[in-house]
Every structure is written in C-alpha cells, then in structure tokens.
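Novice: Structure of the sequence below:
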Amino acid sequence: MSSRDDGRDIVREFRDAVNMNPGELDRWLATDASKAVGWRHDGGESVGHESGRRIIELLRKRTNQFTERDLAHMRKVVGYVRRHMAQRPAGDVRNTRWRYSLMNWGHDPLKEPLPPPGGPSRKALQRHRAAERSARQTRRG
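Specialist: Residues are numbered from 1 along each chain as shown. Sure thing, here's the model as predicted:
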C-alpha cells in the first residue's frame with residue numbers, strides 16, 4: 001500500500017470517527033465539563049482537550065493541505081475513539097466522564113454509530129439508508 005493510499009484511508013477513518021463539526025466541538029471545548037475530564041500530563045490542559053483544538057484545525061483544512069504530522073494526529077484520534085467506544089459503560093451515558101472525554105476528541109457517542117474499521121464510510125452508510133428509505137416509500141406508492 002502506498003503512503004498516498006494510507007493517507008486517504010486515515011482521512012476517511014478520521015472523518016468517520018469525528019462526528020462533531022468544528023462549531024460543535026469549539027462550543028463543547030469551552031464548557032466546564034469539557035475542561036474537567038481527561039489526563040493532564042503537566043497539570044495544565046488535558047491531552048484530549050488539546051487534541052480537540054487540533055481536531056478543529058484539521059476539520060477546517062482541505063484534504064490536499066494535510067501534512068504527515070496531521071495524518072499522524074488523525075491516526076491517534078481514530079485509535080482513541082475506537083478504543084474508548086469498545087469500553088462503553090452500561091446504562092445511560094449522557095452525563096458521563098466517558099462521553100465527555102470522547103467529545104473532547106470530536107466524537108459524540110450519542111450521535112450515529114461508528115462504522116466498523118475497513119467497512120463503508122459513515123457517508124456511504126447514510127447514502128445507503130437514504131436509498132433504502134426512498135425505495136420503501138416508492139413501493140408503498
């Protein structure tokens with residue numbers, strides 16, 4: 001696999017993992033709940049909160065502007081989101097540190113589910129569901 005292919009794959013996986021738009025993520029990062037969660041390596045800003053600010057920058061960039069450093073951060077985001085989604089606690093997660101931490105990384109687990117790795121993208125799944133709904137409506141007449 002070429003690095004170009006790898007870049008396209010990681011960008012797609014990043015866009016699937018990050019389901020918050022830049023405005024949503026920016027507003028979330030300004031909240032006290034966002035600032036209260038996550039691991040702090042130097043006692044200051046949490047790693048996830050810092051990552052969230054970087055994610056906003058990445059979401060605002062065009063694909064052809066991504067650097068190797070950007071792609072490396074995207075890989076880190078995808079890995080974090082996938083690992084933590086696999087550790088989902090039981091019950092209502094709306095007001096949990098688990099959800100808040102994921103949101104710092106750009107993923108709100110209350111939104112649409114994360115597609116499986118290597119499978120169709122979130123956008124492809126949305127198009128497929130829309131086509132299925134349209135076909136059902138057409139059959140109903």
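Novice: Could I get the contacting residues of the residue nearest the centre of the chain?
Specialist: The centroid of the chain falls nearest to V18 when counting by Cα atoms, centre = their mean (1.7 Å). If you count contacts by Cβ atoms under 8 Å, 6 or more residues apart in numbering, V18 has them with L25, I55, L59, V77, V81, W105, G106, H107. All C-beta spots, glycine's among them, are computed from the backbone N, C-alpha and C.
Novice: Quick one: classify the last one as helix, strand or coil.
Specialist: Three-state secondary structure (criterion: DSSP: H, G, I helix; E, B strand; the rest coil) places H107 in coil.
Novice: need the contact list for it.
Specialist: Contacts of H107 by Cβ under 8 Å, 6+ apart are A17, V18, N19, M20, V81, M85, L114.
Novice: which non-adjacent residue is nearest it?
Specialist: Nearest residue to H107 in three dimensions, chain neighbours excluded: V81, at 4.6 Å (Cβ to Cβ, 6 or more residues apart in numbering).
Novice: thought the one you found was touching A17?
Specialist: Yes. Look at V81 against A17 with Cβ atoms under 8 Å: they come within range, at 4.1 Å.
Novice: which residues are in contact with both of those two?
Specialist: Common contact partners of V81 and A17 (Cβ under 8 Å, 6+ apart): G106, H107, L114.
Novice: Hmm, which of those is lowest in pLDDT?
Specialist: Ranked by pLDDT, the shared contacts of V81 and A17 bottom out at L114, which has 71.
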